[in-house]
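S.K.: A structural model of the following input is requested.
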Amino acid sequence: MRQALTTKNLTSTACHAPVQYKGNTARVTNIVVAVVSAVFCLARIIHKAVFSVGELGWDDWTVLGTVISGVPSVIIIDRGIVPNGLGRDVWTLPFDHITNFVRWLYVLEVMYFVQIAALKLTLLFFFLRIFPKPIIKRLLWATVAFNVMYALAFAFTGIFQCTPISHYWTSWDKTGKGKCININGLAWANGIISIVLDVWMLALPLYQILHLQLSWRKKVSVAMMFCVGTFVTVVSALRLRSLVGFATSANPTMDQVDVITWSNIEINVGIMCACMPALRVILVRAFPRMFGTTNGASQAYQVYGSRSFGNKMGGGGGGSSGLGSGLGRSVGASTSGKDPHTITYTKTFEVQHMDNDETSLVQMDELGAKKPKTQSSSTSISSL
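M.R.: The predicted structure follows:
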């Protein structure tokens with residue numbers, strides 16, 4: 001193999017063959033998508049931790065963990081893979097660069113198995129938080145368990161796919177002693193299972209949305225929000241196509257550009273999609289006129305404020321004119337027939353439902369027995 005590469009290099013140079021290089025494209029794509037996904041994640045975490053009354057959930061921690069685990073991958077691609085020949089013809093490289101390239105490729109492969117599973121956990125924990133129906137929760141927890149086992153199985157297999165482990169990056173010249181499993185088959189199996197799991201994870205929320213008491217416009221808008229995740233499945237399919245000849249390529253440093261680029265895009269676009277519901281909440285609060293929805297809050301205030309406690313009392317003591325809760329009829333009835341010198345203490349609570357959590361994007365009114373439709377409001381008044 002070393003002699004063949006040397007001969008190929010000599011003949012290509014003598015024939016003035018064009019020199020190819022795609023390393024800069026892979027490097028720029030790697031940095032750009034990683035920075036954008038990190039910004040999405042930080043915006044989500046900072047808003048949830050500082051500006052929202054909600055607490056950080058498991059989905060917030062897993063998406064943060066996915067971003068953090070992706071930092072070494074970005075550094076390896078930029079400082080390890082590209083300088084050692086990514087995007088160049090393999091016969092133009094020094095032999096030690098080829099060995100280093102394959103070694104870093106091994107590390108990226110194992111890290112990818114962990115990162116893609118962590119990304120799926122983020123979405124699953126998000127679904128667990130917004131879908132309270134017991135049957136859906138059981139299905140989601142079963143999917144979580146399968147995803148964890150799937151990640152552990154592929155990570156373990158990826159680490160020990162060659163015996164000895166170093167045979168992975170020393171066998172390229174066909175001189176080392178050792179054996180490996182079908183590396184191409186391992187990558188294909190992981191890609192296919194990942195796509196099937198993506199489709200299953202998309203079907204669960206869409207099925208649940210169809211059975212919610214929402215207007216068809218709201219159902220369509222929420223369904224479209226979840227369907228954004230199909231873009232990740234499309235990227236996964238493109239990555240799967242790029243895996244053709246993953247382990248049998250005659251020019252791996254050039255052919256791996258598409259595999260590494262699509263793997264990087266898949267992880268980081270998945271992070272962006274996982275953060276989109278939280279970003280919509282941020283946009284609603286920052287630009288309520290543009291992204292908000294009218295929910296009858298002003299009408300609720302008008303209804304309650306237009307009724308005078310004193311009018312409902314039908315006369316009464318001097319302390320009654322200062323209250324405007326609209327619930328005076330029941331209070332008046334309870335005080336009728338009592339000593340006029342008795343002091344009645346009324347406390348009114350006003351609860352405002354704010355857009356401070358992604359769960360407000362999907363109103364969890366489950367279908368049960370047919371119930372009369374009531375006007376919803378962002379403000380509710382209750383009195384004791």
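
S.K.: Going by neighbour count, list what's buried in the helix or strand encompassing residue 169.
M.R.: If you go by DSSP states H and E, residue 169 is part of helix 167-170. Buried residues in helix 167-170, defined by neighbour count with 16 or more other CB atoms under 10 Å: 168, 169, 170. Just so you know, the C-beta spots here come from the backbone N, C-alpha and C atoms, and that holds for glycine as well.

S.K.: Which strands and helices lie in contact with that helix?
M.R.: If you count contacts as 3 or more CB pairs under 8 Å, 6 or more residues apart in numbering; DSSP states H and E, helix 167-170 packs onto helix 95-130, strand 179-180.

S.K.: I'd like to know which of these is closest to residue 250.
M.R.: Closest approach to residue 250 among those (CB to CB): helix 95-130, 12.8 Å.

S.K.: what phi and what psi does the backbone show at the closest residue to residue 170 other than its chain neighbours?
M.R.: Excluding its sequence neighbours, the residue lying closest to residue 170 (CB to CB, 6 or more residues apart in numbering) is residue 176, at 4.2 Å. Backbone torsions for residue 176, taken as degrees, to the nearest 10, come to phi -70, psi 160.

S.K.: Relative to residue 71, how far out is residue 274?
M.R.: Distance of residue 274 to residue 71, given as CB to CB, to the nearest Å: 17 Å.

S.K.: next one: residue 117
M.R.: For residue 117 relative to residue 71 (CB to CB), the value is 17 Å.

S.K.: Of the two, give the one with the bigger neighbour count.
M.R.: Set residue 117 next to residue 71 and count neighbours by other CB atoms under 10 Å: residue 117 wins out with 22 against 11.

S.K.: Give me the distance between that one and residue 184.
M.R.: Residue 117 sits 21 Å away from residue 184, going by CB to CB.

S.K.: Can you give me the neighbour number for the residue nearest to residue 170?
M.R.: 14.

S.K.: My read is that it contacts residue 165, right?
M.R.: No. Residue 176 lies out of contact with residue 165 (CB atoms under 8 Å); the separation is 11.8 Å.

S.K.: got the CA coordinates for the helix holding residue 169 in PDB?
M.R.: Listed next in PDB are the C-alpha coordinates belonging to helix 167-170 (Å, rounded to 0.1, in the frame of the first residue of the first chain):
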ATOM      1  CA  HIS A 167      -5.500  -1.900  14.600                       C
ATOM      2  CA  TYR A 168      -8.200   0.500  13.500                       C
ATOM      3  CA  TRP A 169      -5.600   3.200  12.500                       C
ATOM      4  CA  THR A 170      -2.600   1.000  11.800                       C
END
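
S.K.: Now do stretch 136-151: everything it contacts.
M.R.: 113-114, 116-118, 120-121, 124-125, 127-128, 131, 193, 197, 200-201, 204, 208 (CB atoms under 8 Å, 6 or more residues apart in numbering).
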